[in-house]
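Trainee: Quick check, what structure comes out for this input:
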Amino acid sequence: MNFNNLQPKIIKVKELLQKSNLTIPTYQRPYKWTIKNINQLIDDIIIHQKKSAYRLGTLVIHLEDKNGSQYQNIVDGQQRSITLSLIAYAIRQNCQEILAKHQEYKTFDFNQIPLLNMKFENEITLFNIQTNYNEIVRRVRSFDKNTIEFFFEKCELVQIILNDISEAFQFFDSQNSRGKDLEPHDLLKAYHLREMHTETEAEKIKSVAAWEAMDGKELSTLFENYLFRIRNWSKGHSARYFTKNEVDVFKGISFQSVDNFPYMQLYRIGHHFTENYNYDFQRNIDLQKADFPFQIDQIIINGKRFFEMIAYYKNLLDNQTLKNKSEIINSNERNNNAITEDILNTLGSYEGRNRTGDGYVRTLFDCALIYYLDKFGNKNSEIVIEKTFVWAYSLRMQLQAVQIASMDNYALENNFFKTIKEALHPCEVMNFSITPIEKNNSTKTDDIFNLFNTLQYVR
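Mentor: Numbers count the residues shown, from 1 in each chain. Sure thing, here's the model as predicted:
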């Protein structure tokens, strides 16, 4: 679609508040503006109130016909729209003497502001609405006649209305990929929701539920520290920073498209088998559920499967891998000297573990071990943990200071990930060759060096 042909319309805040059919789809992210965002917006309004007009941002709307009515669904601009509605209501409750002097505001029905009459159920949204409203009340008590008039009449939004949900999300994606306020995972959410244009709203809500249960920091960590780096390093690509320019790493194939290339067939079979199994009437009897057989380096399946994949790996990281030693060490393969447990315990206790550089080395270890466990489970896990530890921490032993570039270059030059990717059996990973170190060039890592000695990786 050529977005240059769109005809945006400038609307006043007062017009936004008077849209009777304005709504926020339930699949949208929670209202997450903080008090800091509130004060920045109000400060901007006060600072610029002598201007003839002040542009607040963009409002992207998707027109949806439902049950005989037409709704204006906010695709982009919901955070600001909710906040502007709260400011208007706070003005109504706390500045009545000033409003009474304005004839037009005597007939303005503040009780019919559409977003204030929505029923929000998300706990994050409800908490932030209450907290932010209290702050807004404290601020608007100082508003005078000019500030209030400026807010309603001269604060503006650029309104874009689209009839197709796919085009609405595509516009949202293209606009915000050039902006500064959204994280890469926010753009991915918009993209994959757009790819679900044939799904019902209920299915969209269900698909993003686990995503919405994670806060922004959790999502950033999951993508940047693990999924992005594993996927890139396994392909021989750099993985220093996960930014908006790298979101294509998590875009893939859509089964709704007309393309049906041979390589897609395997994924198509897995997708439809999983769907048919889970929605078969017999699941009401046996109460079983089949997960799609995800692999961390697989081609991304756009839409619903993407959200399931992220939830799957969040759960794997939380419950299986590095936090629970009993899960990653096969009880049938424990050796008598328990060296594997010594490794895991030492990584969580040695003196220099909290330094930034040591954090980068730990990322190498974690990512490689996660990649192996995702592919082979805990088969031969003790030997592979030893191998992964020596491979990753050889970098720490060699350098006095480890930078993010050191981590990235080491992963590509001594590519343990490529070995895991190409391996068809755990023994191929176990056979990865590592050169023993000559000495320890780092500080606060004596415990690590002692383990290298024990494992006979010191010349």
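Trainee: got the phi/psi numbers for Glu123?
Mentor: phi -70, psi -40 (degrees, to the nearest 10).
Trainee: For the residue nearest to the spatial centre of the chain, give me its contacts.
Mentor: Centroid-nearest residue in the chain, with Cα atoms, centre = their mean: His185, separated by 3.4 Å. Contacts for His185 (Cβ atoms under 8 Å, 6 or more residues apart in numbering) come out as Gly216, Leu219, Ser220, Phe223. For every residue, glycine as well, the C-beta is placed using N, CA and C.
Trainee: Please report phi then psi for it.
Mentor: phi -70, psi -30.
Trainee: Show me what the longest helix anywhere in the chain is packed up against.
Mentor: Secondary structure of the chain per DSSP state H: the longest helix is helix 356-376. Other helices and strands packing on helix 356-376, by 3 or more Cβ pairs under 8 Å, 6 or more residues apart in numbering; DSSP states H and E, are helix 228-234, helix 304-319, helix 381-398, helix 404-413, helix 416-422, helix 426-430.
Trainee: May I see the buried residues of whatever helix or strand Leu266 lives in?
Mentor: Element membership for Leu266, per DSSP states H and E: helix 265-279. Across helix 265-279, burial judged by 16 or more other Cβ atoms under 10 Å covers Tyr267, Gly270, His271, Thr274.
Trainee: want to try TSV for the residues you listed, with pLDDT and distance to Asp109 as columns?
Mentor: Putting the buried residues of helix 265-279 into TSV (pLDDT from 0 to 100; distance: Cβ to Cβ, whole Å) gives the following:
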residue	pLDDT	distance to Asp109
Tyr267	92	53
Gly270	92	54
His271	91	49
Thr274	91	50
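Trainee: which among the residues you listed gets closest to Ser81?
Mentor: Closest approach between the buried residues of helix 265-279 and Ser81, by Cβ to Cβ: His271, at 35.9 Å.
Trainee: so where's the protein shaky on pLDDT?
Mentor: 1-7, 103-107, 164-182, 258, 319-337 (pLDDT under 70).
Trainee: nearest residue to the residue lying farthest from the centre of the chain other than its sequence neighbours?
Mentor: Here the chain reaches farthest from its C-alpha mean at Lys101, the gap being 47.5 Å by Cα atoms, centre = their mean. Counting by Cβ to Cβ, 6 or more residues apart in numbering, Lys101 lies nearest to Lys145, which is 7.0 Å off, once chain neighbours are set aside.
Trainee: for Thr346, same thing?
Mentor: Asp447 (5.0 Å).
Trainee: what about that neighbour, how many neighbours?
Mentor: For Asp447, the neighbour count with other Cβ atoms under 10 Å is 16.
Trainee: Helix, strand, or coil at it?
Mentor: Using DSSP: H, G, I helix; E, B strand; the rest coil, the structure places Asp447 in helix.
Trainee: I figured it hits Gly348, correct?
Mentor: No. Using Cβ atoms under 8 Å as the test, Asp447 is too far from Gly348 to be in contact (10.7 Å).
Trainee: Show me how to select, in PyMOL, the buried members of the contacts of His185.
Mentor: The following PyMOL line selects those of those that are buried, judged by 16+ other Cβ under 10 Å:
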select buried, resi 219+223
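Trainee: coming back round to it: just name the most buried of the helices and strands packed on helix 356-376.
Mentor: Among those, judged by mean count of other Cβ atoms under 10 Å, the one packed with the most neighbours on average is helix 228-234 (a mean of 24).
Trainee: Distance from that one to the middle of the chain?
Mentor: Its chain's C-alpha centre and that of helix 228-234 lie 17 Å apart, by Cα atoms, centre = their mean, to the nearest Å.
Trainee: Against which helices or strands is it packed?
Mentor: Applying 3+ Cβ pairs under 8 Å, 6+ apart, we find helix 228-234 packed against helix 356-376, helix 404-413, helix 416-422.
Trainee: so which of those gets nearest Gln70?
Mentor: Of all these, helix 356-376 comes closest under Cβ to Cβ, at 46.2 Å.
Trainee: Mind exporting the C-alpha coordinates of stretch 111-127 to PDB?
Mentor: Taking Å, rounded to 0.1, in the frame of the first residue of the first chain, the C-alpha atoms of stretch 111-127 are listed here in PDB:
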ATOM      1  CA  ASN A 111     -19.900  11.900  31.000                       C
ATOM      2  CA  GLN A 112     -20.100  10.600  27.400                       C
ATOM      3  CA  ILE A 113     -16.300  10.600  26.700                       C
ATOM      4  CA  PRO A 114     -16.100   7.200  25.000                       C
ATOM      5  CA  LEU A 115     -12.900   5.900  26.400                       C
ATOM      6  CA  LEU A 116     -14.000   6.700  30.000                       C
ATOM      7  CA  ASN A 117     -17.000   4.500  29.500                       C
ATOM      8  CA  MET A 118     -15.100   1.500  28.400                       C
ATOM      9  CA  LYS A 119     -14.800  -1.500  30.700                       C
ATOM     10  CA  PHE A 120     -11.200  -2.200  31.300                       C
ATOM     11  CA  GLU A 121     -10.300  -5.500  32.900                       C
ATOM     12  CA  ASN A 122      -6.500  -5.700  32.600                       C
ATOM     13  CA  GLU A 123      -5.000  -5.100  36.000                       C
ATOM     14  CA  ILE A 124      -2.000  -3.100  34.600                       C
ATOM     15  CA  THR A 125      -4.400  -0.800  32.800                       C
ATOM     16  CA  LEU A 126      -6.700  -0.300  35.800                       C
ATOM     17  CA  PHE A 127      -3.700   0.400  38.100                       C
END
